[in-house]
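Engineer: with the sequence up front, the predicted model follows.
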Amino acid sequence: MAADATAEARLPAVTRPAGRRAAAVRHRTEPLLVVLGLAVLWEILTRTDVLPSRYIPPVTVIVPELADLLTTGTFWSSFGATVYSWALGFVIATAIGVPLGLLIGSSRLLHRATSVVIEFLRPIPSVALIPLVVLVLGAGYQATLMLVVFACVWPQLVQASYGAQAVDRVGWETAVSFRLSAWQRFRRITVPSASPYLLTGCRIASSIDLIIVVTAGIVIRTPGLGNEITLAANAGSFDSMYAYILVTGIVGYAFTTGIAAVEKRLMSWRPEFRKAH
Amino acid sequence: MRRLTSVAHRLLGLLVFAVLVAAWWLGSQNSLNPFYPPLEVITQHFRDNWLFERVPGDLVPSMWRLAVGYLIGVAAGAGLGMLIGVRPRLRRAVTPVIDFMRSLPPTALIPTAIVVIGIGSSGKVGLIALACVWPVLLNTVTAVANLDVIWSQTAKAYRISGWRYLRRVQLPGALPQILAGARAALAVALIMVVVTEMVGSTEGIGHFVIQAQRTFALADMWSGVLLIGLIGFAINALFVAVQRGLLRSHGPRGTTRS
């Protein structure tokens, strides 16, 4: 009896259900407390003018301003323009990059022939093309799209080509000896093997995509959240400028966490994603 | 034999590259379209501008800001990440804030910085550094948190702790991922350099290309675009070389290939 009690006491606290529940609650509340704490700190620093409140308004000014913005048409049209450019650019870049990457990755010869060209083009920052794109396409959303596609094709292409190279040899040869058709091999062997790489490509591309869309708004002034930030800054209305920056951050956060969730869901069958985090 | 084939493969890649450049050269030779001047004219302007007339005035300031901002950002990200990564409770608590900051496109802060701090060099360096912190921070935190348990327990058994633990176990163990984050930050840093100069500057390579575009000096503009492309390629190649060296001398064993 006494021995049992010591054994019980030696168990780590977290394995007991009550402890686990408390930890789960803590995991939910503490991040919120950190966010709240930072907001309060911001409020104090700006209200006491430690940070110049002329340029950096307190949170309690920015948030109501954001609420006001949500009722305006300007906000929703620029929000829509940003999300639209993001999504369309993403789809085009994926449609070009993934098939090309899979093709290049599945042929040794192609892989070698294209390697130098890809290594050279990939690190070129697409913002370098801004002046060119403006001249050729004007300052419309086509210019943004062009930049986004140039920036996002590379991560998609490179990851897809890694993915095609990572195809499971045994699986592939089994499929060949069972006389699966080319489409079946692609569907049953190539896609599952390459899928983690493809999702990594999507994750990288989606965040570059948003950076380029917002940047195009700031530099070329194509309609969108970036343009609204610049307009507000130039007009000296810092409340709405920060409100727009906040919205831009929330959009980015939504994309990042959204893609991570999709990845987790689609990849739950793979061992490396199974371990609880 | 293997060495020979790998040289042959390299040559094939270079050959394709050379063919494409030659195609551009020949295809643009008689170009009358002002937007697409002949490559020959572009290279002439490239020579006039960047060997080395505009180097001290435009290229050096850009590269200086890139280097300083980048190094500050990477150091801050890695340092903070090492502190946060080993504290699970702190790590969970600040994760949403880190996620938010890394998802916010860093260029969104440029208009603010121009109005608040002006268009000086220090403001730009600060923005570049701020943009570089997040990818490095995120990777460092994840790497440190997922460090092999055997390592930390061995270190504990040998009573290696504090600064020595950080330097001898944590840093080498997390190095591959820290460097992966630093590589992502490099791309972001270059974007920030170019964009800060395009929007608010009187010098620098970004300012040069946008000014050339506005004055319709199109061959000059092309020469600048080409230069930015070459810079991107060069610093990436430099990074890969440094990364390989660092992993070989300081990284965990068996990861030198990455």
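Structural biologist: Noted; the coordinates are in hand. Owing to the predicted nature of the structure, the values given are computational and were not obtained by experimental measurement.
Engineer: where in chain A is pLDDT low?
Structural biologist: A:1-18, A:271-277 (pLDDT under 70).
Engineer: make that the stretch 151-258 of chain B, sorry
Structural biologist: Ranges of the stretch 151-258 of chain B meeting pLDDT under 70: B:253-258.
Engineer: helices of that one, start to end?
Structural biologist: Counting by DSSP state H, counting those that start in this stretch, residue ranges of the helices within the stretch 151-258 of chain B are B:162-165, B:171-199, B:205-214, B:218-250.
Engineer: how many residues are close by A:Ser237?
Structural biologist: 15 (other Cβ atoms under 10 Å in any protein chain shown). All C-beta spots, glycine's among them, are computed from the backbone N, C-alpha and C.
Engineer: could you measure from it over to A:Ala243?
Structural biologist: Distance from A:Ser237 to A:Ala243, counting by Cβ to Cβ, to the nearest Å: 9 Å.
Engineer: now do the contacts for B:Val68.
Structural biologist: B:125, B:128-129 (Cβ atoms under 8 Å, 6 or more residues apart in numbering or on different chains).
Engineer: 7 Å - rerun?
Structural biologist: Taking Cβ atoms under 7 Å, 6 or more residues apart in numbering or on different chains, we find B:Val68 in contact with B:Val125.
Engineer: for A:Ala175, find the nearest of the helices of the stretch 151-258 of chain B.
Structural biologist: Of all the helices of the stretch 151-258 of chain B, helix B:171-199 sits nearest to A:Ala175, with 33.0 Å by Cβ to Cβ.
Engineer: hmm, the closest one in reach of chain A?
Structural biologist: Yes: using Cβ under 7 Å from any Cβ of the partner chain, helix B:171-199 reaches chain A at B:187, B:190-191, B:194-195, B:198-199.
Engineer: and for A:Ala254, the neighbour number?
Structural biologist: 12.
Engineer: next one: the host helix or strand of it to chain centre, how far?
Structural biologist: Using DSSP states H and E, A:Ala254 sits in helix A:238-266. Mean-position distance between helix A:238-266 and its chain equals 8 Å (Cα atoms, centre = their mean, to the nearest Å).
Engineer: go on, stretch B:90-107?
Structural biologist: Offset of stretch B:90-107 from its chain centre (Cα atoms, centre = their mean): 20 Å.
Engineer: likewise stretch B:72-81?
Structural biologist: For stretch B:72-81, the distance to the chain centre is 14 Å (Cα atoms, centre = their mean).
Engineer: so what touches it?
Structural biologist: Counting by Cβ under 7 Å, 6+ apart, B:128-134, B:136-137, B:140-141, B:144, B:178, B:181-182, B:185 sit against stretch B:72-81.
Engineer: cutoff 8 Å now
Structural biologist: B:125, B:128-141, B:143-144, B:174, B:178, B:181-182, B:185, B:189.
Engineer: for it, output the C-alpha coordinates as PDB.
Structural biologist: Extracted in PDB, the C-alpha atoms of stretch B:72-81 (Å, rounded to 0.1, in the frame of the first residue of the first chain):
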ATOM      1  CA  ILE B  72      21.900  42.500 -37.100                       C
ATOM      2  CA  GLY B  73      18.600  40.800 -38.000                       C
ATOM      3  CA  VAL B  74      20.100  37.300 -38.100                       C
ATOM      4  CA  ALA B  75      22.000  37.700 -34.900                       C
ATOM      5  CA  ALA B  76      19.000  39.000 -33.100                       C
ATOM      6  CA  GLY B  77      16.800  36.300 -34.400                       C
ATOM      7  CA  ALA B  78      19.200  33.500 -33.600                       C
ATOM      8  CA  GLY B  79      19.900  34.900 -30.100                       C
ATOM      9  CA  LEU B  80      16.300  35.400 -29.100                       C
ATOM     10  CA  GLY B  81      15.400  32.100 -30.600                       C
END
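Engineer: got the buried residues for it?
Structural biologist: B:72-74, B:76-78, B:80-81 (16 or more other Cβ atoms under 10 Å in any protein chain shown).
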